[in-house]
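Asker: sequence first, then the predicted structure, then my questions.
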Amino acid sequence: MTTNAQSSSTLTRLKVKNIDSLRLETRDIQLTYRPDIDGLRAIAILLVLAFHAFPSLCPSGFVGVDVFFVISGFLITQILIKVDPNDKSALLTFYSRRVRRIFPALIMVLLSVSVYGYFALLPNDFSLLIKYVAAGSSFISNIVAWQNSGYFNKSTELAPLVHLWSLAIEEQFYIFWPVVFLGLRNRLPFNYLKHCIAILLLLSLSLCLVVTYKDQTQAYYSPFVRAWELLAGAWLAHRSLDSGKLFPTGRVKALFITIFAVASLVGSSFYIDKATFPGVWALMPISAAVLIVAYAQISWVGRFLSMPMMVYIGRISYPLYLWHWPLLAYLRIENPNPYWLGKLSALAISFS
C-alpha cells in the first residue's frame, strides 16, 4: 500500500511539473518584430535573383533558399511556442493563416504563367507546365521536379514553375511540424523539447550527407533531406525562449561573430561546389544564417540589416521569389541567350 501511494504521489508531482512547464512556455511570450530578419531575407532573395539571372557572377547564389529555410523554421516555431497546446482550434487557426498568406499571390502567378504559356509554349511543354501548376497549388512541386530533372540541369532554365520546389518543401514542413511539435509539447517537459528537435535535426542532416552522395537530385528536392535546415531555425526559436536570449554574449563578441557569419554567407554564394550540394556544403550557409539570427540584433550588423531598403526588399521577398523565375524562364524561351539588359528588365518587373 505504501509503495502504491508513493508511486501515485510521484506520478502526481511529475504531472504537476509538466503542467507548470507548459504554463512557463506561454507566459510573457512576446513575438516582437525583428526588422533585421527581414534584412536577412533581403540578402537571401538578392542572392537567389543574382544566381538565376547572372549565374556566372554569383555561381552559388542558390544558398539564399537555404537561408529562407532557417528563417522559416525559426519564425514558425516561435509562433507554435506561443500556441496554447490545449487549444483544439490552434492548428486550424495556424493553417488558415498560412493559406491567407500564401495562396493569393501564388494563385495570381499560377494563372498568369498558365495563360502566357498557352500561347508561348509547344503542346508538350504546356502539358508539363500544367503538371507544375497542379503541383504548385498542392505543394508537391519538389516531387514533380525530382521526377523530371535535377535543379542544375540546363532544361530547368526553361521550366517557368520549377522554382516552386522550395515553397513546396516549406509548406510540407508547415503541415507536419505543428502536429509533431505540439504533440511533443503535450508529452514532454519544455526543456526536453530542444533535445528532441536536435535529434530530429541530426537524423535529417545524416540523411542529407548520405543521400547527396548517392543521388544529388533526390537530396536537393527531398523534404526529409532538407528538414534539418528548417529544424535549425526551430531549435534556435526554442533556445530563444529557454534562455531568455538566443545566445547571451557581449556586443563586441557578437560583432565579430556576425561579421564572420555574413562573410561566410557571402563566400558560400561564390565558392560552394554545386555538384555536391546540399551535403556537407550546406552547413556553411545554414550555420551562417543561424549565427546571424542569433547575434545580429545586438550588433551593428543588425542595424545594417534593419535599414529601410533592406527591410523593404525582405518584406516583398515572397512575391519577388514567385515572379522573377517565370519572367526569366519565358525570356529564355523567347531568346535562349538573352542580353543582360533583358534579364535586368525581368528582375525590375518582378519588383513592381
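Answerer: Perfect, I can see it now. Numbers count the residues shown, from 1 in each chain.
Asker: which intervals of the stretch 201-350 of the chain have sub-threshold pLDDT?
Answerer: 241-249 (pLDDT under 70).
Asker: the helices in it, which residues?
Answerer: 216-221, 223-243, 251-271, 283-295, 300-305, 308-315, 317-334, 340-351 (DSSP state H, counting those that start in this stretch).
Asker: how about the fourth one: buried residues?
Answerer: Pointing back at helix 283-295 there. Within helix 283-295, the residues that count as buried by 16 or more other C-beta atoms under 10 Å are 283-295. Bear in mind the C-beta positions are built from the backbone N, C-alpha and C, glycine included.
Asker: where's that helix relative to the chain centroid, distance-wise?
Answerer: 13 Å (C-alpha atoms, centre = their mean, to the nearest Å).
Asker: dump the residue contacts of the closest residue to Y213 other than its chain neighbours.
Answerer: Using C-beta to C-beta, 6 or more residues apart in numbering and skipping the chain neighbours, the partner closest in space to Y213 is G279 (7.0 Å). The contact partners of G279, taken as C-beta atoms under 8 Å, 6 or more residues apart in numbering, are 208-209, 212-213, 219.
Asker: what about 10 Å?
Answerer: By C-beta atoms under 10 Å, 6 or more residues apart in numbering, the contact set of G279 is 205, 208-213, 216, 219-220, 225, 272-273.
Asker: of all these, which two lie farthest apart?
Answerer: V210 and I272 (19.1 Å; C-beta to C-beta).
Asker: between those two, point out the one with more neighbours.
Answerer: Neighbour totals were compared for V210 and I272, and I272 leads with 22 against 13 (other C-beta atoms under 10 Å).
Asker: show me what the longest helix seen in the chain is packed up against.
Answerer: Ranked by residue count and defined by DSSP state H, the top helix of the chain is helix 90-120. Judged by 3 or more C-beta pairs under 10 Å, 6 or more residues apart in numbering; DSSP states H and E, the packing partners of helix 90-120 are helix 63-82, helix 123-137, helix 165-187, helix 317-334.
Asker: give me the buried positions along the following helix or strand past the shortest one.
Answerer: Read that as helix 123-137. Next along the chain after helix 123-137, taking DSSP states H and E as the criterion, comes helix 141-148. Using 16+ other C-beta under 10 Å as the burial criterion, the residues of helix 141-148 that qualify are 141-146, 148.
Asker: what's stretch 193-207 in contact with?
Answerer: Residues contacting stretch 193-207 (C-beta under 10 Å, 6+ apart): 21, 25, 73, 77, 81, 177, 180-181, 184-185, 187-188, 219, 222-239, 241-242, 278-280, 282-283, 286.
Asker: filter the residues you listed to the buried ones?
Answerer: Counted by 16+ other C-beta under 10 Å, these give 21, 25, 73, 77, 81, 177, 181, 184-185, 219, 222-223, 225-239, 241-242, 278-279, 282-283, 286 as buried.
Asker: okay, the helices and strands packed on helix 90-120 in TSV with distance to L47 next?
Answerer: Output for the helices and strands packed on helix 90-120, formatted as TSV (distance: least, C-beta to C-beta, whole Å):
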stretch	distance to L47
helix 63-82	4
helix 123-137	22
helix 165-187	13
helix 317-334	11
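Asker: excluding chain neighbours, what is closest to I298?
Answerer: Per C-beta to C-beta, 6+ apart, closest to I298 is A254, 4.8 Å.
Asker: do the same with L265
Answerer: A288 (3.9 Å).
Asker: contacting residues for that neighbour?
Answerer: 40, 63, 66-67, 70, 258, 260-268.
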